[in-house]
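Asker: sequence first, predicted model second:
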Amino acid sequence: MSTTHEYTIDVDHHVKVYLRVFAALVVLTAITVAVSYLHLSVAGAIALALFIAIVKGSLVACYFMHLVSERRLIFGVMGLTVVFFFFELMVPMLTETGNIGMG
């Protein structure tokens, strides 16, 4: 009987977390709509919209996709991505001529 009780407590905890994340997403969506009515410069509007989108995307990825418990794997993949990104930036500098295909 105690196993069922522990399972119920665990499920209740997860449901509360999901409801909090959902509430945060609703609030951030409302903030996004409110910000759209502000008269910001294009650069400021883009920066603010990207910041809000990053926060919302992080919440979805971490909690609804259950990535919050996969920290080591996520950091490994991010590190590998950064290495490949810088490698791709270095490719033009490592070529003999900067004008590939120009003769």
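Answerer: Nice, I can see it.

Asker: quick one, helices of the protein?
Answerer: For the chain, the helices defined by DSSP state H occupy 2-36, 42-59, 71-94.

Asker: now mean pLDDT too, for the ones you listed, in JSON lines please.
Answerer: What follows is the helices of the chain, written out as JSON lines (pLDDT from 0 to 100):
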{"stretch": "helix 2-36", "mean pLDDT": "86"}
{"stretch": "helix 42-59", "mean pLDDT": "92"}
{"stretch": "helix 71-94", "mean pLDDT": "87"}
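
Asker: quick one, what contacts L25?
Answerer: By C-beta atoms under 8 Å, 6 or more residues apart in numbering, the contact list for L25 reads K56, L59, V60. In short, each C-beta sits where N, CA and C put it, glycine included.

Asker: my bad, L28
Answerer: I52, V55, K56, L59.
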